[in-house]
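A.B. asks: quick one: sequence and predicted model below, then my questions.
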Amino acid sequence: MSRPIDPPAIRGNGDGQLPAYLSNGVIGLRVRDIPLRRGVAIVNGLEGEDPVTHVVSTAEAPYPLAGDLRVGETWLSDALHGVDGLEQSLDLSVGELTSRFRFSTDAAIATVEVVTWCSRSEPTVVAQEIAVSFDRPCDVSLRVGFDASGIPGAWGRRETGTPGTADKPVDGSMLWRTLGERSSLGEAYVTEFLGDDQVQRDVHDWGEQRPMLTQYTFRARTDRRYRLRQLASVVPQALHGQPDRQAVRLVARAQSIGWDALRDENRSAWDELWRGRVLIHAADDRWQRLVDLAFFYLNASVHRSSPSSTSIFGLAEWPDYHYYYGHTMWDVDTFVIPTLLFTQPDAAHALLSYRTRGVDAARRNAQMLGYGGIQFPWESGLGSGEEASPMGGDASRYEDHVSVDVALAFARYLQITADDGFLREEAWPVLQGVSDWLASRLEPTRRGWEWKRSMGVAERSEPADNPVFANAGAKLVLGEAIRAAEQLGYPAKPIWREIRDRVVIPCDPKTGELLNHDGYRRDEEKGETPDPAAVLFPMGMAFDPHTERATLESCLARADDYLGNPMLAAFFGTWAAWTGDRQLALRMLEQGYADYEMGRFGQIMEYIPGRTGGDTKAGPFAANMGGFLLGCMWGLPGILPGHDAPDAWARRPVVLPEGWEAIEIERAWIRGEEARVEARHGAERATIEVRSGS
């Protein structure tokens, strides 16, 4: 197995860059350049009330790996000016962050190394080791524990022992209730000190508005390196009714496994993930580095144990950008889940299961709007799956293509896994419900079936009729529902076939190109948005060669007006390659993806700051990364999964960007077995080799 390319180490404080992001799909951490300072912790499935808008939102959790260091009489937290030599490095191969710095006081100079990681084998557990040495003998204190300072919410319980017994299996545990008491979580931690048998240990609980900390005090020598290890379990109420009690059990379990064994298990889990690495054979390794970063951030943000879906930033939040409130949106279903089907199908299933649990809420949503079937919300809360967009809900009024996007994600899972149990228990209720909703949402006219007053990808101030992205998706969903009904032995409703066959697909009668919607003008608001090209890929609707080329050339001609925006920009490289223009494909990848990379450890921004969307640096943005990976995995190789045999999924000649020789996927999961994918420039088709019995 080849090793991923690590991003460059960061020296200094990073000049305002976003902090490092670590995750295992259940817990996400923003770790500061001085990692003992409180960062940001986001837990999958933990929701609260936004303190400003009061809508349901992702809730920040008490930071589980906070700490402090005293050298002589000076605490680091009181003397940040005494810190220098900052350096941070991220090891993509195992998901470990290493931070180094020096802390100088009158008593001594401390050289500190901190290793932080989120366990994939024990997915509620995060870990941190602080190693410190000194240039002179001195008195030292090290503290670690929870810090909820400034976080909206309230303590429920705080304990330093086990109720009813004298046992103290952990240093401390706590129950935290989010703002609005929408949900709760439990945290528990244990510590281990190495380097001095005479160390003094104290657990401090100074009241519910203060951190809960364990402190080790010792007399340091110059010939020793002292280590303080901390394991913390963070359990959301979505996973257990008494999350703090369960956190105690789980962190005690992690402690019984042992630090070294737990670390080895995490590394083995990452080794397994990297077997699905996407290899780019090109003139230099720049594109391989970008692929590795996207692969890392997307796969780190999901896990088969995730109790909810993920957000557009995964589990990465920062105070500068909370404008999506951690909600689940169509971007995850369209850009993230398909990439996971080759790499982590069990994690993709976990994200889809969140939608399955939201079917009742989607049915109520449709009822409130006067429709039949199920209508998934535009911005979905993490717990109930109900509509959670900010008051007024401008986008939620008309951006109803989300239901089609969700249904297509279920269909894509079926195509790649051929899981009959999933079809019957999870996919069928969604496909049936969305199809029934379409039958009530679309209107029959002399032209066919029309989708009135809706929107496509672009969030515009006014709706339009027959957005091509929605209508094309409806046609595909109805076809999938008819097929599923036949496979299950159910009668498909005749109206499904009628709508599928007669839904209006807007196109220009002169050029033959697909149009964004009825009455489309290039100079209209957000007229540069390439919805028609997105219908071809990643949606995957096939048209005759003339329509395809006319559509692609039209969207590529207005690329300069769109690039810098999120989501669809990453696909321009694929669309250019489909026209046969390798140089343009490379330039589109540069401007549509590579230019979004900035800041610490190659995080991909939502917008290109200063060009579109203002100056906010918000990342890593899952839709952009998912779009780029999907282009590399399916688009550029000319692969479109279907219900037919996998070796038939390669459906067009391979044209790669200038300088790219081949794309290879070392291990993809297809129909429950390992497969190898290779696409060489100039080949008539990519090759997909399923290793039967693997």
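C.D. replies: Sure thing, it's come through.

A.B. asks: mind pulling the model confidence for Gly392?
C.D. replies: Per-residue confidence at Gly392 stands at 69 (pLDDT).

A.B. asks: tally of neighbours for Ile688?
C.D. replies: Other residues within reach of Ile688, judged by other C-beta atoms under 10 Å, total 22. Any C-beta I mention is one placed from the backbone N, CA and C, and that applies to glycine too.

A.B. asks: partners of it in the sheet?
C.D. replies: Under the criterion DSSP bridges, Ile688 forms beta bridges with Val677.

A.B. asks: pLDDT weak spots in the stretch 501-650 of the chain?
C.D. replies: 612-615 (pLDDT under 70).

A.B. asks: Leu90: helix or strand, and which one exactly?
C.D. replies: Assessed by DSSP states H and E, Leu90 sits inside strand 83-91.

A.B. asks: domains of the protein?
C.D. replies: Listed by automatic domain parsing, the domain ranges of the chain are 10-273, 276-355+558-694, 358-554.

A.B. asks: make CSV out of those and add distance to Pro4.
C.D. replies: Compiled in CSV, the domains of the chain are given as follows (distance: least, C-beta to C-beta, whole Å):
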stretch, distance to Pro4
domain 10-273, 4
domain 276-355+558-694, 4
domain 358-554, 24
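
A.B. asks: and the residue in the chain sticking out farthest from the centre, its phi and psi?
C.D. replies: Each residue of the chain has a distance to the centre, and by C-alpha atoms, centre = their mean the biggest one is for Pro137: 46.3 Å. Reported as degrees, to the nearest 10, the phi and psi values for Pro137 are phi -60, psi 140.

A.B. asks: quick one: it from Asp106, how far?
C.D. replies: Relative to Asp106, Pro137 is positioned 14 Å away (C-beta to C-beta, to the nearest Å).

A.B. asks: for whichever strand or helix holds Asn44, name the packing helices and strands.
C.D. replies: Following DSSP H and E, the helix or strand that holds Asn44 is strand 40-49. Here strand 40-49 is seen to pack against strand 27-31, strand 56-61, strand 63-71, strand 172-178, strand 226-236 when contacts are counted using 3 or more C-beta pairs under 8 Å, 6 or more residues apart in numbering; DSSP states H and E.

A.B. asks: now with 6 Å?
C.D. replies: Judged by 3 or more C-beta pairs under 6 Å, 6 or more residues apart in numbering; DSSP states H and E, the packing partners of strand 40-49 are strand 27-31, strand 56-61, strand 226-236.

A.B. asks: can I assume Phe101 sits in a helix?
C.D. replies: No: using DSSP: H, G, I helix; E, B strand; the rest coil, the assignment for Phe101 is strand, not a helix.

A.B. asks: tell me the pLDDT at the spatially closest residue to it that is not a sequence neighbour?
C.D. replies: Spatially, and ignoring its direct neighbours in sequence, Phe101 is nearest to Leu86 (4.9 Å; C-beta to C-beta, 6 or more residues apart in numbering). Reading off the per-residue confidence, Leu86 sits at a pLDDT of 97.

A.B. asks: what's the neighbour count on Leu86?
C.D. replies: Residues near Leu86, counting by other C-beta under 10 Å: 16.

A.B. asks: what does Arg680 give?
C.D. replies: Under the neighbour criterion other C-beta under 10 Å, Arg680 is assigned a count of 16.

A.B. asks: any idea which element the closest residue to it other than its chain neighbours lies in?
C.D. replies: Among residues not flanking Arg680 along the chain, Ala662 sits closest, at 4.4 Å (C-beta to C-beta, 6+ apart). Using DSSP H and E, Ala662 sits within strand 660-670.

A.B. asks: going by neighbour count, list what's buried in that strand.
C.D. replies: Residues of strand 660-670 classed as buried under the neighbour-count rule (16 or more other C-beta atoms under 10 Å) are Trp660, Ala662, Ile663, Glu664, Ile665, Glu666, Arg667, Ala668, Trp669, Ile670.

A.B. asks: what does that strand contact?
C.D. replies: Where contact means C-beta atoms under 6 Å, 6 or more residues apart in numbering, the residues beyond strand 660-670 that reach it are 275-279, 281-282, 342, 345, 632, 637, 646, 674-675, 677-681, 690.

A.B. asks: list the neighbouring strands of it plus their orientation.
C.D. replies: Sheet pairing of strand 660-670 (DSSP bridges) gives strand 278-282 (antiparallel), strand 673-680 (antiparallel).

A.B. asks: quick check: phi and psi at Arg219.
C.D. replies: Dihedral pair for Arg219: phi -100, psi 110, per degrees, to the nearest 10.

A.B. asks: what's the local residue count around the spatially closest residue to it that is not a sequence neighbour?
C.D. replies: Leaving aside its chain neighbours, Arg219 sits nearest to Asp139 (6.0 Å; criterion: C-beta to C-beta, 6+ apart). Applying the criterion other C-beta under 10 Å, we find 14 residues in the vicinity of Asp139.
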